[in-house]
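Novice: Just a sequence and a predicted model for now, questions to come.
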Amino acid sequence: MNILLIEDEMRVADFVRRGLSAEGWSVQHAPDGETGIEFLEQYSFDVVLLDLMLPGVSGHDVCRKVRARKNITPILMLSALDATEERVDGLRVGADDYLPKPFDFDELVARIEALHRRAGKYTETEDRQVLSHGTITFDKTSLIVTVGDKNLDLSSKERDLLLLFLSNPGRVLSRERILNTVWGMNADPMTNVVDVYVGRLRRKLGDEADRIVTLRNIGYRFE
């Protein structure tokens, strides 16, 4: 997915860009509204992340100008202002969704995916109750996990971790994303808990352990 991030706060921009890049997406950053408009005139993007409070041309004005030029790229507006009128104003000038700062990174990813899906450019498999890859089977209703004909005795976190992998086959999952999803947004990003639990899960998966591939300095991918 190709994403345009229009954000003047460099700390926020760097955090978002690194996180989304770790998801395997391409991120182009524009530090102000004018640059963002120029990028949208020259290139094609799947989703635009647009900060509301920009120097010079505001987020609202960027949105108006983009829509006036018949550009229908999905726009997710980001703002530290969470008042109802701000959200309504953003949607009325052409934004497709609104996310207040500070936001949970996992929610940001989910909203981007939802916008992409609505635009008809993203195909997602049906939400099945039983996930299977190779000889691994995970019944989400009973929480029974098997490898071949053997039931696995997994802790709740090991199950959550496996479910995340099985639900995202072939997708790069950063350590930050895994921490956020399995342990919650307050988990220490410097901890090695992800690597420890991946090691435990691999041991229990036995012959299927190699499906979890380590991507150095990035995270993991489930083949």
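Specialist: Nice, thanks for sending it over. Quick caveat: nothing in here was measured; it's all calculated off a predicted structure.
Novice: And the helices in the chain?
Specialist: 10-22, 33-42, 59-68, 84-92, 105-118, 156-167, 175-178, 193-205 (DSSP state H).
Novice: for these, which one ends up most surrounded?
Specialist: helix 175-178 (a mean of 21; mean count of other C-beta atoms under 10 Å). Glycine gets a C-beta too; all of them are placed from N, C-alpha and C.
Novice: Now for the protein, the helix or strand with the poorest mean pLDDT.
Specialist: helix 84-92 (a mean of 70; mean pLDDT, DSSP states H and E).
Novice: Report the central residue of this structure.
Specialist: By C-alpha atoms, centre = their mean, the chain has its centre lying nearest to Val109, at 2.4 Å.
Novice: Look up phi and psi at the residue nearest to that one when sequence neighbours are not counted.
Specialist: Closest residue to Val109 apart from its sequence neighbours, by C-beta to C-beta, 6 or more residues apart in numbering: Glu23 at 6.3 Å. Main-chain torsions, Glu23, degrees, to the nearest 10: phi -80, psi -10.
Novice: tell me the domain ranges of the chain?
Specialist: Domain ranges of the chain: 2-118, 130-222, per automatic domain parsing.
Novice: tell me the mean pLDDT over the shortest one?
Specialist: Taken as a whole, domain 130-222 carries a mean pLDDT of 87.
Novice: Mind checking the helices of the chain for the one nearest to Val147?
Specialist: Counting by C-beta to C-beta, Val147 lies closest to helix 193-205 out of the helices of the chain; the figure is 6.1 Å.
Novice: and the angle from the closest one to helix 156-167?
Specialist: 80 degrees (axes from the mean of the first three to the mean of the last three C-alpha atoms, to 10 degrees).
Novice: tell me the residue furthest from the middle of the chain?
Specialist: Asp149 (34.2 Å).
Novice: Verify the stated contact: Asp51 with Val16.
Specialist: No. Assessed by C-beta atoms under 8 Å, Asp51 is found out of contact with Val16, at 10.0 Å.
Novice: contacting residues around the closest residue to Val213 other than its chain neighbours?
Specialist: Distances taken as C-beta to C-beta, 6+ apart put Arg221 closest to Val213, at 4.8 Å, once the chain neighbours are dropped. Listed by C-beta atoms under 8 Å, 6 or more residues apart in numbering, the contact set of Arg221 reads 170-173, 212-213, 215.
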